[in-house]
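Enquirer: Sequence and predicted structure, then a few things I'm wondering about:
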Amino acid sequence: MTKEMAWLPAAGVDGTKILHIKDRFGTWRPYTTFPHLAAPDYPIPGGSKGWATYQKLRASGYALVATTEAVEARS
């Protein structure tokens, strides 16, 4: 299984994207639903939610999928 992540719109938040991780069933879920993978967010006002997790996962071999590609796969 390919380990993938993508920046996708947050549920109920206008235009804001957060990091999502593809689970073993091929479903994109917010990084916060993976406590064993998530890293604490940096305390930067207005900072990207999931950036610390992105850096951690990228270093461990996760691939970043383009937002448009991930959105198309969700449909």
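Expert: Alright, I've got the coordinates.

Enquirer: got the contact list for the helix or strand of the chain at the bottom of the mean pLDDT ranking?
Expert: When the helices and strands of the chain are scored by mean pLDDT, DSSP states H and E, helix 67-74 comes last with a mean of 85. For helix 67-74, contacts defined as C-beta atoms under 8 Å, 6 or more residues apart in numbering pick out 4, 6-8, 17, 20, 26, 28. Heads up, the C-betas are built off the backbone N, CA and C, glycines and all.

Enquirer: again, only using 6 Å
Expert: 6-8, 28 (C-beta atoms under 6 Å, 6 or more residues apart in numbering).

Enquirer: just stretch 30-40 next, same as before
Expert: So stretch 30-40 is contacted by 18-21, 50, 52-53, 56 (C-beta under 6 Å, 6+ apart).

Enquirer: Neighbour count and secondary structure for those residues - can I get that in JSON lines?
Expert: Shown next, in JSON lines, are the contacts of stretch 30-40 (neighbours: other C-beta atoms under 10 Å; DSSP: H, G, I helix; E, B strand; the rest coil):
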{"residue": "18", "neighbour count": "19", "secondary structure": "strand"}
{"residue": "19", "neighbour count": "25", "secondary structure": "strand"}
{"residue": "20", "neighbour count": "26", "secondary structure": "strand"}
{"residue": "21", "neighbour count": "23", "secondary structure": "strand"}
{"residue": "50", "neighbour count": "24", "secondary structure": "coil"}
{"residue": "52", "neighbour count": "17", "secondary structure": "helix"}
{"residue": "53", "neighbour count": "23", "secondary structure": "helix"}
{"residue": "56", "neighbour count": "15", "secondary structure": "helix"}
